[in-house]
Each structure stands twice: as structure tokens, then as C-alpha cells.
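Peer 1: Here you go, sequence then predicted model.
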Amino acid sequence: MYALVMLGGTLPVPLYVFWAPQMGFGPFTTTLVFATYALGTVLALVVFASLSDRAGRRPLLASAVLAAAASTALFLVARNVETLLAARFMCGLATGVFTATATAALGELAGGRHARRASVVSTAANMGGLGLGAIVAGVFAQFGGNPTHLVFWVYLAALLPALVAVAVVPETVAVRHRPVLSVRRPALPGERAGREEFLRGAAAVFAAFAVSGLFSSLVPSFLREQLHVADVAAVGGVVGLLFIVALIAQLAAPARWLSRRWPAPAFLVEGMVVFEIGLWTRSLPLFIAGTLLAGTGIGLAFRRGVEAAQRLADPERRADLLATYFLAAYAGTIVPTLALGLLGQVINTDIATLFLAVGVVAVTLAAALGRRTGPITHSVGRTGRH
């Protein structure tokens, strides 16, 4: 279910090239549509995601699947930018609720003895779903009959068994209470060492998701207009490659890479440098090489942060801390992506992406060079509201 819902988050990415001429919008509107998706995700994380700590995991999972279905229906009837924005916003709501709730549920289903396995599975479902979405949509658009409709009909049908799966998955919240809807301030671990470790991970994933936001919004147009890649399946494949490499990095990386702070920043920084060189020199091989390096950095940073959040979370408020972690991640997709779209309106696109690359490198290095308090060896920390 987790992978399927995340797959829906990137299904629209290769299709902007069809919607843009039909609806008459340019690169800035593309970034705005993507930012609306991220905004829906952030709203869900701030308001709804932690409700599963009180109401139970299954009601929130079912609500997220229904929101994904509503979003898909809107994509099928979209004829203007406003409907496209509404569809992406609903998709973001589904993603935000599902990421925190499903990650918490997987950790609880696995139990304390298999916490690392749960982190691997949840991050694999997240990144794997995002990667497959762009690839599947590109293939359907290139070889199917109706590029902006067929893939959504198939996806809508796939969500039906997901609702059945919600009905049979075990509920992991033993004592449930009446949910109280409110805007929750971000939660942090109560102990100082835990807060510092968590905040370093949050800063790293902010930078990592800024790169994924770039790939989910403007990279398709870069490939078509600047690198002259006309095949829609190839465009979707390159975008999906970032997430698939992130998935492989999570699954195959040596344990020492995850226990040390430098491998993830090193890959991410190197990836942005090579990516920028490829864009400026119009070299597709260098562009793809940068994608591979950056994807590895994203995967390592994401898994390391999820493992830390799972370990530091109060068991009774697990979704609350995970919601804060994902809030940092999706904030990284909103601010830089919108800034890139605005800069692209007034300056050269190459220079605008260079500014983004410099910002990503600066935040990544700041997170890596932050004060080190040593590894945290206890299994569970207390989570407080701050």
C-alpha cells in the first residue's frame, strides 16, 4: 500500500509536457503545481498525520487511499490549471498522511527487535514508489493511447485492492482515543543529544528533497529543451532513476555508511556538482552521472534519518515525530522549487539551478559539520512538543 500511494505522487511528472501546451502554462506554473503537492503534504503532516497515534493506523491509512483516489479522479477530468492544482493538493494530502502513518505502522508491526528492517522496508516503499511512478507514467505516455488519462485509469483500479488491504492489515495502536484535530507544532526528542541528532537528519533530508523536488518539477523540461531528449519514456526513466538509485543505495549500502555522517553528504554534493556540469555543458552522460550520485546521497540521507526518528520516538507518539521528519523533507521541496521557478522567470535557467545547487551544498555541509554529540545507543527516547 505504501509503495502504491507513493507511486501516485510522481505519476504526473512526465505528463507536464502534455498539459503545458493544452492549458497554456510555462515552467513557473509547473513548479507551482508541484509546490501545491508538497503544500498538501505539509498540511497533512502538520494537521492530520499524528492523528493515527490516537485514532489508530487503519482509519488514517484508509483516508489516505481515498484521498489518492479523489486526486486521481481530478486528474482524469482536468482541463485547466485550477483542476490540476486541486488534484496535486489532494495527492499531497494522501502522501503526507500515508508516509507518517505507514512508517509508524511498519515499525510497530516489526517490533523493537526488527526496527532496522522496518526502516529499510518503509524507506524502500517510499523511494521505490516515487521512482516507479515517473517510469510507469512515461511508459504509458509513450506507448499508450491517451497519455494524460490511461495511466490514471489504471492507477485508480489499482487503488481498489489497496482499500481491501487496509481492512485486513493489523491495527497496531492498542489503546485508541477520540482524535482531536489541531495544528500541531513540530515534535522533537526530549533529550538534548537526541534533538541534535534528529535536527541534523532533518537538515540533511531537507537538502536531499530539494534535489528530488527539482527532478519532480523542472528536470523533464530540462531533458526535452536543453538536452534534447524527446522520448517521454526516457524522460520518465531519468526522473525515476533518481529514486530507484536512492532505493538501491538504501538496500545495498554497507552498514558503516549509515553509521557515519559523511557518505550521504559526499554523494549528494558530488552529484549536484556533476549534475550542474552536465546541464551547463549540455552533456546527457554527465547529467545522468550526477543523477546517480545525487540519488545515492538522497537514499542514504533518507534512510539514516528515518532510522534515527524511529529509534528516538516515544512509542505512544511515534507518528508525531515521524511527521516532523517528513515535514522537514517536504519543506525542502517547496521553498527551493518555488524559488527556482521564480528565478527562472527573471534570469537564465542555468544560473537559477546553479543557485539551487549552491544552496543544497551549503545546507548539506552545514548538517554534516554540525556539532557531534556521539551516537545514541538507547533504543527509545522521549518525544516532547517544542
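Peer 2: It's in. Quick caveat, the model's predicted, so the values are computed rather than measured.

Peer 1: what comes up buried for the one helix or strand Val121 maps to?
Peer 2: Here Val121, judged by DSSP states H and E, is contained in helix 115-143. Neighbour counts over helix 115-143 (16 or more other C-beta atoms under 10 Å) mark 115, 118-142 as buried. The way it works is simple: take the backbone N, C-alpha and C, and place the C-beta from them, glycine included.

Peer 1: starting at the chain centroid, how far to that helix?
Peer 2: Averaging C-alpha positions (C-alpha atoms, centre = their mean, to the nearest Å) puts helix 115-143 10 Å from its chain's average.

Peer 1: for the record, mean pLDDT for it?
Peer 2: Averaging pLDDT along helix 115-143 gives 88.

Peer 1: Tell me the helix or strand right after that helix.
Peer 2: Going down the chain from helix 115-143, the next helix or strand is helix 150-168, by DSSP H and E.

Peer 1: neighbouring contacts of that next one?
Peer 2: Contacts with helix 150-168, where a contact means C-beta atoms under 8 Å, 6 or more residues apart in numbering, come from 1, 4-5, 7-8, 11, 15, 58, 61-62, 65-66, 68-69, 72-73, 75-76, 136-137, 140-141, 144.

Peer 1: And stretch 73-93, by the same measure?
Peer 2: With contacts defined as C-beta under 8 Å, 6+ apart, stretch 73-93 is touched by 8-9, 11-12, 19, 23, 25, 29, 32-34, 36-44, 48, 64, 67-68, 70-72, 148-149, 152-153, 156.

Peer 1: Buried ones from those, can you make that a PyMOL selection?
Peer 2: Buried subset of the contacts of stretch 73-93, written as a PyMOL selection, criterion 16+ other C-beta under 10 Å:
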select buried, resi 8+9+11+12+19+23+25+29+32+33+34+36+37+38+39+40+41+42+43+44+48+64+67+68+71+72+148+149+152+156
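
Peer 1: In helices only, show me the contacts of stretch 73-93.
Peer 2: 8-9, 19, 23, 29, 32-34, 36-43, 64, 67-68, 70-72, 152-153, 156 (DSSP state H).

Peer 1: Quick check on Met352: phi, psi?
Peer 2: Careful, residue 352 is Ala; it's not Met. phi -60, psi -40 (degrees, to the nearest 10).

Peer 1: Check Ala78 too.
Peer 2: phi -60, psi 120.

Peer 1: Report pLDDT for it.
Peer 2: Reported pLDDT for Ala78: 94.

Peer 1: now swap in the one 4 residues further on and tell me
Peer 2: Confidence per residue is given as pLDDT, and for Glu82 that number is 95.

Peer 1: Leu223 too?
Peer 2: 88.

Peer 1: Double-check it against Val238; I have them as touching.
Peer 2: Yes - look at Leu223 against Val238 with C-beta atoms under 8 Å: they come within range, at 6.0 Å.

Peer 1: Pull up the overlap in contacts between those two.
Peer 2: Contacts common to Leu223 and Val238, judged by C-beta under 8 Å, 6+ apart, are Val229, Phe287.

Peer 1: Give me the pLDDT for the closest residue to Thr72 other than its chain neighbours.
Peer 2: For Thr72, ignoring the flanking residues on the chain, the nearest one in space by C-beta to C-beta, 6 or more residues apart in numbering is Leu156 at 4.7 Å. Listed pLDDT for Leu156 reads 95.

Peer 1: ranges for the helices of the stretch 151-300 of the chain?
Peer 2: With DSSP state H, counting those that start in this stretch, the ranges of helices along the stretch 151-300 of the chain come out as 192-217, 219-225, 232-252, 255-259, 263-281, 284-312.

Peer 1: Using PDB, write down the CA coordinates of the fifth one.
Peer 2: When you say that, I think you mean helix 263-281. The C-alpha atoms that make up helix 263-281 are tabulated as PDB, following Å, rounded to 0.1, in the frame of the first residue of the first chain:
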ATOM      1  CA  PRO A 263      28.900   9.200   3.000                       C
ATOM      2  CA  ALA A 264      25.500  10.700   2.300                       C
ATOM      3  CA  PRO A 265      26.600  14.400   2.100                       C
ATOM      4  CA  ALA A 266      29.600  13.400   0.000                       C
ATOM      5  CA  PHE A 267      27.400  11.700  -2.600                       C
ATOM      6  CA  LEU A 268      24.800  14.400  -2.600                       C
ATOM      7  CA  VAL A 269      27.400  17.200  -3.000                       C
ATOM      8  CA  GLU A 270      29.300  15.300  -5.800                       C
ATOM      9  CA  GLY A 271      26.000  14.600  -7.500                       C
ATOM     10  CA  MET A 272      25.000  18.300  -7.600                       C
ATOM     11  CA  VAL A 273      28.400  19.300  -8.900                       C
ATOM     12  CA  VAL A 274      28.400  16.700 -11.700                       C
ATOM     13  CA  PHE A 275      24.700  17.400 -12.500                       C
ATOM     14  CA  GLU A 276      25.400  21.100 -12.900                       C
ATOM     15  CA  ILE A 277      28.400  20.500 -15.100                       C
ATOM     16  CA  GLY A 278      26.200  18.200 -17.300                       C
ATOM     17  CA  LEU A 279      23.500  20.900 -17.500                       C
ATOM     18  CA  TRP A 280      25.900  23.700 -18.400                       C
ATOM     19  CA  THR A 281      27.800  21.600 -21.000                       C
END
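
Peer 1: List the buried residues for that helix?
Peer 2: Buried-residue list, helix 263-281, by 16+ other C-beta under 10 Å: 263-272, 274-276, 278-279.

Peer 1: Could you do the longest one as well?
Peer 2: Of the residues in helix 284-312, 284, 286-312 count as buried by neighbour count, 16+ other C-beta under 10 Å.

Peer 1: quick one: that helix to chain centroid distance?
Peer 2: The mean C-alpha position of helix 284-312 is separated from the chain mean by 11 Å, C-alpha atoms, centre = their mean.

Peer 1: other SSEs contacting it?
Peer 2: Counting by 3 or more C-beta pairs under 8 Å, 6 or more residues apart in numbering; DSSP states H and E, the packing neighbours recorded for helix 284-312 are helix 81-110, helix 115-143, helix 192-217, helix 232-252, helix 255-259, helix 263-281, helix 318-346.
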